[in-house]
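>>> just the structure for this:
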Amino acid sequence: MDPVEALRETAFWLERERASTYRVEAFRKAAAALADLPADEIAERAHTGALGRMKGLGPRTTTVVEQALDGKVPAYLVDLRERNIEPLASGGAELRALLRGDLHSHSDWSDGGSPIEEMAAAAAWRGREYQAITDHSPRLTIANGLSRERLEVQLEVIADLDTRLDGLTLLTGIEVDIHLDGSLDQDDDLLDRLDVVVASVHSKLAMDAPSMTRRMVAAVSNPHTDVLGHCTGRLVEGGRGQRRQSQFDAEEVFRACADHGVAVEINSRPERQDPPDELIDLANELGCLFSIDTDAHAPGQLDFLDLGAARAAERGIDPDRIVTTWPLDRLRTWLVRSR
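As a prediction, this is how the structure comes out:
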């Protein structure tokens, strides 16, 4: 087994089961340390005992490399594969099988943990037909949001990478912050060039309901907006603690989504579970489209799609109203509907 791939796969399964960042980074850093070395040099360092002295490798990662070089699947990886053999959710298997892609994910260009290439490789490995890279916009400095100049460079990187991918289409995109007045945090001409625009509220989440309603309606009425991301902003578990959901007139917001063909995101992150069930039901009653997305910040989190599919299936959403079940040609037609 290729030792670098063994390290990356180990990190993937650890991310999937929400292991600590420290444990995951140990394997990601080890893979990065070895990625540019010729295979015979890695083997020679293992033979001479020099691997363990390399920056970025420790006892456990060295053992994984040595076992891979011996032609074995490393024991630690075998255990992780066995622990992760089942889907992350017990329900929604039929809907999950219909999902073709994911319109919300992050790379290390903003606050994700891995390069675009690794996110794309993992998406292809997990059977995606398309994957959007939607890093944050400039205003979200805490998440290293992309300036206009950085986003323009990223578009070139993605276009080049997309030509080299087999079986996966990599879509350009952004998770654009919604300003207090409902405007979007990036220049219109640049938003025009993107495949996917996910609009999300990240600031002043506790503002009064009428103001939040006006803010969100303005954002989903913007012709550039394709998906309304994690609409309540709530957190129900996880290391960041809990956060109450934002207050707004959900009927007015979802009617605007339905009127403008904007998909309501079912955010699959376990700590978000956003929207709450009652708001999914309301959006469904009002005829909204939906997008089941992972909001993945690391390759292993791409499997969170299981969780979103289970919630959508439980709420009885028609798969044809979920844009991420659509083939790429139909998806592209919807994405350019109003630009």
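>>> what about the nearest residue in space to residue 124 that is not next to it in sequence, neighbour count?
Closest residue in space to residue 124, ignoring its immediate chain neighbours: residue 168 at 4.0 Å, by CB to CB, 6 or more residues apart in numbering. The C-beta positions use only the backbone N, C-alpha and C, and glycine is treated the same way. When counting by other CB atoms under 10 Å, one arrives at 21 neighbours for residue 168.
>>> same thing with residue 307?
Count around residue 307 with other CB under 10 Å applied: 24.
>>> residues contacting it?
With contact set as CB atoms under 8 Å, 6 or more residues apart in numbering, residue 307 has these partners: 88-89, 268-270, 273.
>>> let's see that with 7 Å instead.
Neighbouring residues of residue 307 by CB atoms under 7 Å, 6 or more residues apart in numbering: 88-89, 268, 270.
>>> and those, which of them are buried?
Buried by 16 or more other CB atoms under 10 Å: 88-89, 268, out of those.
>>> for those residues, give me CSV that also has secondary structure and distance to residue 29.
Output for the buried ones among the contacts of residue 307, formatted as CSV (DSSP: H, G, I helix; E, B strand; the rest coil; distance: CB to CB, whole Å):
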residue, secondary structure, distance to residue 29
88, coil, 26
89, coil, 31
268, coil, 27
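>>> just curious, which of those residues is nearest to residue 78?
Distance to residue 78 across those (CB to CB) is lowest for residue 88, with 19.8 Å.
>>> that closest one touches residue 305, doesn't it?
No - with contacts counted by CB atoms under 7 Å, residue 88 stays clear of residue 305, the gap being 8.5 Å.
>>> and stretch 174-190, which residues are buried?
With burial defined by 16+ other CB under 10 Å, the residues of stretch 174-190 counted as buried are 174-179, 182, 184-186, 190.
>>> got CSV for those residues, with pLDDT, secondary structure and distance to residue 24 too?
What follows is the buried residues of stretch 174-190, written out as CSV (pLDDT from 0 to 100; DSSP: H, G, I helix; E, B strand; the rest coil; distance: CB to CB, whole Å):
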residue, pLDDT, secondary structure, distance to residue 24
174, 98, strand, 25
175, 98, strand, 22
176, 98, strand, 28
177, 98, strand, 27
178, 98, strand, 31
179, 98, coil, 34
182, 98, coil, 37
184, 98, strand, 32
185, 98, coil, 30
186, 98, coil, 30
190, 97, helix, 32
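>>> name the nearest of the residues you listed relative to residue 81.
Among those, residue 175 lies closest to residue 81 (CB to CB), at 31.5 Å.
>>> from residue 18, how far out is that closest one?
For residue 175, the distance to residue 18 (CB to CB, to the nearest Å) stands at 21 Å.
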